[in-house]
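*Asks:* Below are the sequence and a predicted model; questions follow.
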Amino acid sequence: MKNLKFGVCESVKNIMNRNQIKHLGLLARLNITEDEAAVLFNDFKKIVDYISRLNKVKVKIKTKQLAPNEHFNIFRDDDGKCLSNETQEDILNQAPKRKGNYFVVKKII
Amino acid sequence: MTLKEYRDNLLNKKFSAVEFISEIFQDIEENKQINAFLTLNKENALKKAKEIDEKIGRGEEISILEGAPYSVKDNILVKGCRTTAGSKILSDYFATYNATVIEKLNAKGAIMLGKTNLDEFAMGSSTENSAFGPTKNPLNLNFVPGGSSGGSAAAVAKGWGIFSLGSDTGGSIRQPASFCGVFGLKPTYGRVSRWGLIAMASSLDQIGPLGKTTDDIALILEIISGKDELDATTVKKDFCWEGQFNKKDFIRNIKIGLPKEYFQEGLDLRIKHKIWEIVTKLENLGAKVVDISLPLTSFALAIYYIIMPAEVSSNLARYDGVKYGYYYQNQTSDIIDYYAKTRDKGFGPEVKRRLLIGTFVLSAGYAEKFYLKAQKVRKALVGDFKEAFSKVDLILTPTSPTLAFEIGERTQDPLSMYLADIYTVSANLVGIPALSIPIGKIEKLPVGLQLMASWWEEEKMLKLSKIIESLN
């Protein structure tokens, strides 16, 4: 995956293979099977080819211009809100597993 | 039926709200094959209708929206109501709060009939990607209704509610409105609160109305728009609809731009002729029509299919089988395996495709090549539109290059499905308002005309829409 040139059909062959699809699956937290990887690989070829056409566009815009000054952060006071017991129950009851007022998560370490 | 006609009929006792709404539910039942609704709110709706009838019976005044039946796309939260976003991963999710738009409509006394079908998480252009089966076009059941707000467009076309709320990320209100022969409006980014909208691509998503007339969608926009403390992207700008205006003066002072890039190869010639008929009529009424160019148009869809999946991959990370929704119940080796299996079983193919593309364009080594480049070209596209709106008041194009296509026709080729949005994505990328207006039929399938206006200029766009409506 080095010195790649985009914007031509051949590029997709260079940048993608089925194993890489499976690796992307891992990053996206998706369990991609071999069969799925084969289908997705074909879709990927077409889609990446299509979006690669952007490399033909020459724009003079610099990265720092991408934070346009018309956008600004809106802050609000860091104060908590009390949920009613009913709402709290509605939320917790939708969890696959709960213990009292906590969500149960599979052991991480 | 329009909102005004409905209200007049209620007040003149031509029918009661209970009668009208009961008939709708019966008709939905008799036309189940259209599959426009995922959940019906029958009991509550009829209870509310009875209250309105009693109020009228006591001789009390009712406001324009009181008792008016409407539907909501199933990615907008209604407290206590099942909200699936068309996905298996949320098939048993019940919303714990109301979206701001629902609060606003509730305050006006509108009656929610049910939640409409959509492409899973609003990802699609045909409503075939729903985990609960496709919606069919009510004008011809072999055809798609468009998407992703296909259930909403089909419901409005069938008269199942006077209006519907949809969401539009790349054309998801306008394209189905076009395919089903109704009006569909995507407001300026920041005009309508997205609090309670299940996020797809946050720099593009907007909620908007679908309806049968310009006046109806304009009135709904007036009600649902405005600054909301719960959505930091909303802007304090009022929208007030004046349906009565001097049409002659308006049309004589309006300059309409036709971007040449929207009338080139790929556009169905029959649609082109239909659009041309309207343009000629507008010219005859005194409108100035000029050719313009939006040079980056041919790259808009490529920008969209980088930025949208990138945002999707981030927004959909929350579905992990821990807090709510579907979860994988068999043995898993660790938490990562649990997430991956939950998401693999819970998401459909198009969502997975976009999650992978999004992860790819944001991954080390490619983010600059794809994501950053797309953001730069997006910025340049904004420049194209600013330049265009310095010369014209409104931009007029077709909504879709084709008529509604047959069910199954494009499902095997994702890219051909993506091309259905080629005329609509730019408005989302640059944040301007856009509207699809029904202008007649070709071979019994509706044709939509799209108007685009400069930022916050919905009023101008809706006024021209009202004039176009009167030409049909």
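*Replies:* Received it, and whenever you're ready, just let me know what you need.
*Asks:* Please settle this for me: is residue B:306 part of a strand?
*Replies:* No: under DSSP: H, G, I helix; E, B strand; the rest coil, residue B:306 sits outside any strand and is assigned helix.
*Asks:* Number of residues surrounding it?
*Replies:* When neighbours are defined as other CB atoms under 10 Å in any protein chain shown, residue B:306 has 30 of them. Bear in mind the C-beta positions are built from the backbone N, C-alpha and C, glycine included.
*Asks:* Return the longest helix belonging to chain A as PDB; C-alpha atoms alone will do.
*Replies:* If you go by DSSP state H, chain A has its longest helix at helix A:34-51. Extracted as PDB, the C-alpha positions of helix A:34-51 are listed here (Å, rounded to 0.1, in the frame of the first residue of the first chain):
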ATOM      1  CA  GLU A  34     -15.200 -15.100   3.600                       C
ATOM      2  CA  ASP A  35     -18.300 -15.200   1.400                       C
ATOM      3  CA  GLU A  36     -19.300 -11.600   2.400                       C
ATOM      4  CA  ALA A  37     -15.800 -10.400   1.800                       C
ATOM      5  CA  ALA A  38     -15.900 -11.700  -1.800                       C
ATOM      6  CA  VAL A  39     -19.200  -9.800  -2.500                       C
ATOM      7  CA  LEU A  40     -18.100  -6.700  -0.700                       C
ATOM      8  CA  PHE A  41     -14.700  -6.700  -2.500                       C
ATOM      9  CA  ASN A  42     -16.500  -6.400  -5.900                       C
ATOM     10  CA  ASP A  43     -18.700  -3.600  -4.600                       C
ATOM     11  CA  PHE A  44     -15.700  -1.900  -3.200                       C
ATOM     12  CA  LYS A  45     -13.900  -2.000  -6.500                       C
ATOM     13  CA  LYS A  46     -16.700  -0.100  -8.200                       C
ATOM     14  CA  ILE A  47     -17.300   2.400  -5.400                       C
ATOM     15  CA  VAL A  48     -13.600   3.200  -4.700                       C
ATOM     16  CA  ASP A  49     -13.100   3.600  -8.400                       C
ATOM     17  CA  TYR A  50     -16.000   6.100  -8.600                       C
ATOM     18  CA  ILE A  51     -14.900   8.200  -5.600                       C
END
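*Asks:* got the contact list for residue B:322?
*Replies:* When contacts are counted by CB atoms under 8 Å, 6 or more residues apart in numbering or on different chains, residue B:322 touches A:95-96, A:103, A:105.
*Asks:* ok, back up a step: quick one: the next helix or strand after the longest helix of chain A near chain B?
*Replies:* Downstream of helix A:34-51, the first helix or strand assigned by DSSP states H and E is helix A:85-92. Yes: with CB under 8 Å from any CB of the partner chain as the measure, helix A:85-92 is seen reaching chain B through A:87, A:90-91.
*Asks:* can you give me the mean pLDDT across the next helix-or-strand element following helix A:85-92?
*Replies:* Sequence order places strand A:98-99 as the next helix or strand after helix A:85-92, per DSSP H and E. Confidence over strand A:98-99, taken as the mean pLDDT, stands at 94.
*Asks:* Do any residues in strand A:98-99 lie close to chain B?
*Replies:* No: using CB under 8 Å from any CB, no contact is recorded between strand A:98-99 and chain B, whose separation bottoms out at 9.7 Å.
*Asks:* Sheet-wise, list the partners of that strand with their directions.
*Replies:* Applying DSSP bridges, strand A:98-99 is found paired with strand A:102-103 (antiparallel).
*Asks:* quick one: contacts of the partner strand?
*Replies:* Under CB under 8 Å, 6+ apart, the answer for strand A:102-103 is A:92, A:95, A:97, B:322-323.
*Asks:* cutoff 10 Å now
*Replies:* By CB atoms under 10 Å, 6 or more residues apart in numbering or on different chains, the list of residues contacting strand A:102-103 from outside reads A:91-92, A:95-97, B:322-324.
*Asks:* Is it possible to mark the buried ones in the residues you listed?
*Replies:* Burial by neighbour count, 16 or more other CB atoms under 10 Å in any protein chain shown: within those this picks out A:91-92, A:95-96, B:322-324.
*Asks:* Could you dump the residues of helix A:85-92 next to chain B into a markdown table and include pLDDT and distance to residue B:371?
*Replies:* A markdown table is the format used below for the residues of helix A:85-92 next to chain B (pLDDT from 0 to 100; distance: CB to CB, whole Å):
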| residue | pLDDT | distance to residue B:371 |
| --- | --- | --- |
| A:87 | 88 | 37 |
| A:90 | 92 | 37 |
| A:91 | 93 | 34 |
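*Asks:* which among those residues gets closest to chain B?
*Replies:* residue A:90 (4.6 Å; CB to the nearest CB).
*Asks:* Run a quick neighbour tally on the closest one.
*Replies:* Neighbours around residue A:90, by other CB under 10 Å: 17.
*Asks:* Apart from its neighbours in sequence, what residue is nearest it?
*Replies:* residue B:96 (4.6 Å; CB to CB, 6 or more residues apart in numbering or on different chains).
*Asks:* The one you found: neighbour count?
*Replies:* 19.
*Asks:* pretty sure it contacts residue B:323?
*Replies:* No: in this structure, residue B:96 is not within contact of residue B:323 by CB atoms under 10 Å, at 11.2 Å.
*Asks:* So in chain A, where's the weakest helix or strand by average pLDDT?
*Replies:* helix A:10-15 (a mean of 52; mean pLDDT, DSSP states H and E).
*Asks:* Need phi/psi at the residue most central in space within chain B.
*Replies:* Centroid-nearest residue in chain B: residue B:173, 2.1 Å away (criterion: CA atoms, centre = their mean). Backbone torsions for residue B:173, taken as degrees, to the nearest 10, come to phi -100, psi -50.
*Asks:* where along the stretch 301-450 of chain B do the helices fall?
*Replies:* B:335-346, B:349-362, B:373-389, B:414-418, B:425-430 (DSSP state H, counting those that start in this stretch).
*Asks:* Low-confidence regions, chain A specifically.
*Replies:* Residues of chain A that meet the criterion pLDDT under 70 lie in A:1-15, A:67-71.
*Asks:* Give me the most central residue, it.
*Replies:* Most central in chain A (CA atoms, centre = their mean) works out to residue A:28, at 6.2 Å.
*Asks:* ok, it - contacts?
*Replies:* Here residue A:28 is in contact with B:313, B:316-317, B:339-340, B:343, B:347, B:352, B:354-360, B:363 (CB under 10 Å, 6+ apart).
*Asks:* and the residues you listed near chain A, which?
*Replies:* Checking these against chain A by CB under 10 Å from any CB of the partner chain, the ones in range are B:313, B:316-317, B:339-340, B:343, B:347, B:352, B:354-360, B:363.
*Asks:* Just the buried residues out of the residues you listed, in ChimeraX syntax.
*Replies:* Entered in ChimeraX, the line below selects the buried ones among those, by 16+ other CB under 10 Å:
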select /B:313,316,339,340,343,347,352,354,355,356,357,358,359,360,363
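*Asks:* Of the ones next to chain A among the contacts of residue A:28, which is the nearest to residue B:42?
*Replies:* residue B:347 (30.1 Å; CB to CB).
*Asks:* Quick check, the closest one in contact with residue B:321.
*Replies:* No: here residue B:347 lies out of contact with residue B:321, judged by CB under 10 Å, at a distance of 11.4 Å.
*Asks:* Find the residues that touch each one of those two.
*Replies:* Common neighbours of residue B:347 and residue B:321 (CB under 10 Å, 6+ apart) are residue B:89.
*Asks:* Get me the contact residues on the stretch 1-150 of chain B for chain A.
*Replies:* So far as CB under 10 Å from any CB goes, the stretch 1-150 of chain B lies against chain A at B:79-80, B:92-97.
*Asks:* which of these sit farthest apart?
*Replies:* Most distant of those, by CB to CB, are B:92 and B:97, 17.3 Å apart.
*Asks:* Tell me who's in contact with the residue of chain A positioned farthest from its centre.
*Replies:* Relative to the C-alpha centroid of chain A, counting by CA atoms, centre = their mean, residue A:85 is the outermost residue, at 34.0 Å. Contact analysis of residue A:85 by CB under 10 Å, 6+ apart lists residue A:101.
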